[in-house]
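In: need a structure here:
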Amino acid sequence: MAERFFRFPVCCPVGDVGVSQSDVEFFEFTAPVSGLIHSIQFYCQAIAAAASVVVKKNAAAITPAVTPAAKTVSKVAPTDPFVNEGDAITVHATTDAAGSFTALTVTVIIKQQEAVSTI
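Out: Numbers count the residues shown, from 1 in each chain. Sure, this is the predicted structure:
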């Protein structure tokens, strides 16, 4: 038996995040398959003052607080990469009194492994 991998990128278009947010959920999706979270990518057009974003699985953080640089893709490996179909994946943002994100997008790439017959 050989194995093949399928990657499922899930784009989370958070959008703009205003000032004075404290661990506010801005996006949620249900994992479409069981597998491993291969990587999590963060991107924003602009960031002001103190602002960070965290990705959670079933309410437990799987990334540290990330402050992406504007117009640059930042990649983070999850602390707990295992995901089951149906797990809730959420994106949370925190900003201070002057902090904000413009056009924040988070992409979660899930890798599914499948055994394939080579007959």
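In: CA atoms for contacts and neighbours, from now on please.
Out: Fine.
In: and the gap between Ala97 and Glu3?
Out: For Ala97, the distance to Glu3 equals 50 Å [CA to CA, to the nearest Å].
In: check contacts around Ser22.
Out: Ala93, Thr94, Thr95 (CA atoms under 8 Å, 6 or more residues apart in numbering).
In: out of these, which is most surrounded?
Out: Counting neighbours by other CA atoms under 10 Å, Ala93 leads those with 26 neighbours.
In: so that one, which of the three states?
Out: When classified by DSSP: H, G, I helix; E, B strand; the rest coil, Ala93 comes out as strand.
In: quick check: bridge partners of it?
Out: Counting by DSSP bridges, Ala93 is bridged to Val24, Val53.
In: same check on Ile89?
Out: Ile89 has the following beta-bridge partners by DSSP bridges: Phe29, Lys57.
In: now the helices for the chain?
Out: Counting by DSSP state H, the chain has no helices at all.
In: show me the shaky parts of this structure.
Out: When residues are selected by pLDDT under 70, those of the chain lie in 1-2, 114-119.
In: what segments of it are strands?
Out: 2-17, 24-30, 35-43, 46-48, 51-57, 60-61, 74-76, 82-83, 88-95, 100-116 (DSSP state E).
In: isn't Asn78 up against Ser39?
Out: In this structure residue 78 is Pro, not Asn. Yes. The criterion here is CA atoms under 8 Å, and Pro78 meets it with Ser39 at 6.8 Å.
In: more neighbours, those two?
Out: Higher neighbour count among Pro78 and Ser39: Pro78, with 20 against 16, using other CA under 10 Å.
In: so who does the more buried one touch?
Out: Taking CA under 8 Å, 6+ apart as the criterion, Pro78 is in contact with Ile37, His38, Ser39, Ile40, Ile62, Thr63.
In: for Ala51, see how far away it is.
Out: Taken as CA to CA, the span from Pro78 to Ala51 is 20 Å.
In: which residue comes closest to His92 once chain neighbours are left out?
Out: Glu25 (4.3 Å; CA to CA, 6 or more residues apart in numbering).
In: run a quick neighbour tally on that neighbour.
Out: Counted with other CA under 10 Å, the neighbours of Glu25 add up to 17.
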